[in-house]
Structure formats: C-alpha cells, structure tokens
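A.B. asks: got a predicted structure plus its sequence, pasted below:
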Amino acid sequence: MVTLRTPRLILRRWREADIGPMAAVNADPEVMRWIRDGSVRDEQQTRASVRAWESEWESRGFGLFAVEIRSTGELAGFTGLSVPGYLPEILPAVEVGWRLGRAHWGQGLATEAAVAAVRFAFEGRGLDRIVSVAQVGNDASERIMSKLGMRPVREILDDTCGRRLRVHALSSDEYTAIAR
C-alpha cells in the first residue's frame, strides 16, 4: 500500500473514518465553487466518490490520496492521480488534482501535496505525461500548476456544466529537468 510523506503531510489510502471529514469539505460551497457546476456533495455522494477512488487504486495502481496533517492526524482533503473520464477529448491522460478544506488554504499545503503526487506519477509510476485541469478563473489552482512546472496547453468546454476549462500539462522530460 502506497503512503507518501512530506514535511507536513501524510498522503495515504482512504479509511472509513475519512468519510465524515471529506464530506464536510465537499459540503462547503466555497470549496466546491470551481468543481464542475459548483454543487456541494453530501456524505452519501462522498462515500461513493471514496469507493470510486479506491477502485481506481486497485485497477490502475494509482488514485487519489487522503491528505492527512502529520502534526494533528486531521484529514485536510485529497490529492493524487486520476483518469479524467469526464473530458474524453483529452484522453488518454492522467490528471493530478487536489481539494483541501478551507481551513487548510493559504499555507502551501495543496502545493506540498501536489508536488508529492507529481513525483509519485513520474518516479513511482513511470508516467510519460500528466495533466491538470482548472476552470478558467480559478487562479489559485493555476498558481499551483505553475509551481509544479505545468504549462497551459489548451482550453475546452466542460459539456457537463458549460464552464470553460484550461488544461495544463507536464511531460516526464520536463519534470526531470525541473527536478534536477
């Protein structure tokens, strides 16, 4: 079972005890503002998402990690890798993504977690390329993508909600050059 450690975080697989705290993150309209149509999600929807994330781990050997604060054991949200099936026009692709509760914003935790997920993608899973997708206007996520060395490669429309998306990408060669 894959567990990653950063100076302040533990990235690990999901536990039953994570459902409630992740549901609280998903229930916050400000957190969900830039996710699809901005709808919040309840505990039942969160449970179904966690099951799907765990299933992706089993079928693909990667997935979304639960992000735990090392000093407190608190669940902050998630980061990790997934296949963006909701955007068939960019497939095949593996996306790096993140979602943290508002209490954990502005501390560099999303970047710290995403850096570990990107390292895992290239060094742990040998991927050739990863993408990250943000709604146009989500400047905070695009700043993280820039810090990861990703560059915007195209804009598309998310037909599920009618919002514009900007796709960023990073190749393994670009990652290697940055990691040196």
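C.D. replies: Good, I have the coordinates. Numbering: from 1, shown residues only.
A.B. asks: the protein: strands as residue ranges?
C.D. replies: 4-5, 9-12, 64-69, 75-82, 95-100, 129-135, 151-158, 163-171 (DSSP state E).
A.B. asks: CA-only coordinates of the third one in PDB, if you can.
C.D. replies: As requested, C-alpha coordinates have been extracted for strand 64-69 and formatted as PDB (Å, rounded to 0.1, in the frame of the first residue of the first chain):
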ATOM      1  CA  LEU A  64      -6.400  10.000  -5.100                       C
ATOM      2  CA  PHE A  65      -4.700  10.000  -1.700                       C
ATOM      3  CA  ALA A  66      -6.300  11.100   1.500                       C
ATOM      4  CA  VAL A  67      -4.200  14.100   2.800                       C
ATOM      5  CA  GLU A  68      -3.600  14.000   6.500                       C
ATOM      6  CA  ILE A  69      -1.900  16.700   8.600                       C
END
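A.B. asks: longest single helix anywhere in this structure?
C.D. replies: Taking DSSP state H as the criterion, the chain has its longest helix at helix 43-60.
A.B. asks: report the central residue of the protein.
C.D. replies: Centrality entry for the chain: nearest residue to the mean C-alpha point is Gly97, 1.9 Å, by C-alpha atoms, centre = their mean.
A.B. asks: thought that residue was touching Ser132?
C.D. replies: Yes. Using C-beta atoms under 8 Å as the test, Gly97 is close enough to Ser132 to be in contact (6.5 Å). Yep, even glycine has a C-beta here, placed from its N, CA and C like the rest.
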